[in-house]
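*Asks:* Here's my sequence, what's the structure:
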Amino acid sequence: MRLNFTKDDEAFRHRARDWLIANVPRERAPHEGMPARRFSLDWLSSCHEGGWAGIGWPAEYGGQGLPPDRLVLWYEEYVRARAPSILDCTFVALNHAGPTLIACGTEEQKAFHLPLILSGRSIWCQGFSEPGSGSDLASLSTTGTIDGDHLVVNGQKIWTSFADIADYQELLIRTDPGSKRHKGLSWVICDMTSPGITVRPIENMAGVSHFAEVFYDDVCIPLSNVVGALHDGWSVAMTTLAFERKTAAMGLQLELSIRIEDLIALAEPLPGTATYERLSDLRAETAALRAMTYRTLFREPRTASDGSLVRLYFAELAQRIHRATMDVLGPAALVDSAWTHDYLESYSETIAGGAAEIQRNIIAERILGLPRE
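*Replies:* Numbers count the residues shown, from 1 in each chain. Now for the predicted structure:
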């Protein structure tokens, strides 16, 4: 495992830093709706023009094909520059759909969708979770019935971020009648303007509506939109989640190191040894998270379970940092909408991307070798 960087690496770091300093928007990104869509697509378009969009994508699909160590450098500079959150409405397109299409899609699917994604001309959302199938994804029941050269989709998805402003959806459905669990699923590209789709935004405790529930009533999707083989969607979905839990989440993990430094700066005028000790502990924990991120990326051989270790630690640390923010700033935090919003949003961290309980089960069974629950 290599943790040092070469002169070429440092030269790359400085190129990234210079570009970000010159181009990062100064205004805070909107949280929802068409303003969020316009802001995110404009920023991605700017990154694309500068050669910094999808830098981990292979060069033949418009990226730079950068290895993990260069991606670490990019994300470190990205968060240091206070660039727009990695987890904006382009996240699914750049970090889920695009890489999944590159790995599993047809040449026609790649030729149509990848340029739209990379240049900031399309938003994607994820249609995986259902009211009765969240962390237990294999129990999903939304169906796609084969009718000629189309699938006719019926069912419901939930917690679909940015569904109200998305152009396309990565949709996981059951296409083999009578199949159970992981068998008989298909990963399909769903045009969100298709007749029969109803999107109902869900307001969260932070007061924003980037979540939504999506209903499908005889929605027709061409069979040519199936990614990978028909009825083999589970393996494609695991490809998608592998991207999410490795390089896609790297920026979010590194972002916490900037957040704790901002909090320490705000707390400097405040008295109290206990406060400084608490913040010092949190700073040490963010350093540990960074080391875990490095280990996951550079250790050979890598295992899918490594992502659960980082995901669980990140989620709970994020909540501790945001809780400390409210405690340290006291009433002043309530008049700063940014801190308050992020604190309330942090409650979802131990649910989204696989609940904390599920991550603990994965760690126990696949890493520690304990009996299944």
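
*Asks:* what's the neighbour count on residue 342?
*Replies:* Using other Cβ atoms under 10 Å, residue 342 has 17 neighbouring residues. (C-beta placed from N, C-alpha, C; glycine too.)

*Asks:* check contacts around it.
*Replies:* The neighbours of residue 342, taking Cβ atoms under 8 Å, 6 or more residues apart in numbering as the test, are 322, 325.

*Asks:* Now the helix or strand containing it: buried residues?
*Replies:* Assigned by DSSP states H and E, residue 342 belongs to helix 337-345. Within helix 337-345, the residues that qualify as buried are 339, 340, 342, 343, 344, 345, counting by 16 or more other Cβ atoms under 10 Å.

*Asks:* Could you grab the helix/strand/coil label for residue 201?
*Replies:* At residue 201 the chain is in strand, as set by DSSP: H, G, I helix; E, B strand; the rest coil.

*Asks:* Am I right that it is in contact with residue 209?
*Replies:* Yes - applying Cβ atoms under 8 Å as the test, residue 201 and residue 209 come out as touching, 3.9 Å apart.

*Asks:* Pass me the low-pLDDT residue ranges in the stretch 251-373 of the chain, would you?
*Replies:* 269-274, 298-305 (pLDDT under 70).

*Asks:* can you redo the buried residues of helix 337-345 as CSV with distance to residue 294?
*Replies:* Formatted as CSV, these follow (distance: Cβ to Cβ, whole Å):
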residue, distance to residue 294
339, 29
340, 32
342, 25
343, 28
344, 30
345, 26
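
*Asks:* ok, back up a step: what is in contact with residue 201 and residue 209 at once?
*Replies:* With Cβ under 8 Å, 6+ apart, residue 201 and residue 209 have common neighbours 32, 164.

*Asks:* show me the contacts for residue 29.
*Replies:* Contacts of residue 29 (Cβ under 8 Å, 6+ apart): 36, 39, 40, 43, 84, 85, 88.

*Asks:* hang on, it in a strand?
*Replies:* No - applying three-state DSSP, one finds residue 29 to be coil, outside a strand.

*Asks:* Please, which helix or strand holds residue 186?
*Replies:* Per DSSP H and E: strand 185-191 holds residue 186.

*Asks:* Please report how far the residue nearest to residue 47 when sequence neighbours are not counted lies from residue 185.
*Replies:* Nearest residue to residue 47, sequence neighbours excluded (Cβ to Cβ, 6 or more residues apart in numbering): residue 53, at 4.2 Å. Using Cβ to Cβ, to the nearest Å, residue 53 is found at 31 Å from residue 185.

*Asks:* Of these two, which one has the most company?
*Replies:* residue 185 (26 against 22).

*Asks:* And the pLDDT at the residue nearest to that one when sequence neighbours are not counted?
*Replies:* What sits nearest to residue 185 in space, not counting adjacent residues and going by Cβ to Cβ, 6+ apart, is residue 233, at 3.8 Å. The model reports residue 233 with a pLDDT of 88.

*Asks:* correct me, but residue 233 touches residue 186?
*Replies:* Yes - counting by Cβ under 8 Å, residue 233 does reach residue 186; the two are 4.1 Å apart.

*Asks:* what's the overlap in contacts for the two?
*Replies:* What both residue 233 and residue 186 touch, as defined by Cβ under 8 Å, 6+ apart, is the set 172, 173, 175.

*Asks:* now, which of those sits nearest residue 332?
*Replies:* For those, the minimum distance to residue 332 (Cβ to Cβ) is 44.0 Å, reached by residue 172.

*Asks:* That closest one is in what secondary structure piece?
*Replies:* Per DSSP H and E: strand 168-174 holds residue 172.

*Asks:* how big is the angle separating that strand from strand 185-191?
*Replies:* Angle, strand 168-174 to strand 185-191, by axes from the mean of the first three to the mean of the last three Cα atoms, to 10 degrees: 150 degrees.

*Asks:* Report the buried residues of stretch 67-77.
*Replies:* 68, 69, 70, 71, 72, 73, 74, 75, 76, 77.

*Asks:* export that stretch as PDB, just CAs?
*Replies:* C-alpha atoms of stretch 67-77 as PDB (Å, rounded to 0.1, in the frame of the first residue of the first chain):
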ATOM      1  CA  PRO A  67      -6.000   5.900 -10.800                       C
ATOM      2  CA  PRO A  68      -7.200   6.000  -7.100                       C
ATOM      3  CA  ASP A  69      -4.200   7.900  -5.800                       C
ATOM      4  CA  ARG A  70      -4.900  10.800  -8.300                       C
ATOM      5  CA  LEU A  71      -8.600  10.700  -7.400                       C
ATOM      6  CA  VAL A  72      -7.600  11.100  -3.700                       C
ATOM      7  CA  LEU A  73      -5.600  14.200  -4.600                       C
ATOM      8  CA  TRP A  74      -8.400  15.600  -6.700                       C
ATOM      9  CA  TYR A  75     -11.000  15.100  -3.900                       C
ATOM     10  CA  GLU A  76      -8.700  16.500  -1.300                       C
ATOM     11  CA  GLU A  77      -8.300  19.700  -3.300                       C
END
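
*Asks:* Contacts for that stretch next, please.
*Replies:* Counting by Cβ under 8 Å, 6+ apart, 2, 5, 9, 12-13, 16-17, 20, 52, 55-56, 64, 66, 86, 247, 250-251, 254, 293-294, 297-298 sit against stretch 67-77.

*Asks:* repeat that with 6 Å
*Replies:* 12, 13, 16, 17, 20, 56, 247, 250, 251, 254, 297 (Cβ atoms under 6 Å, 6 or more residues apart in numbering).

*Asks:* Helices - which of the residues you listed land there?
*Replies:* 12, 13, 16, 17, 20, 250, 251, 254, 297 (DSSP state H).
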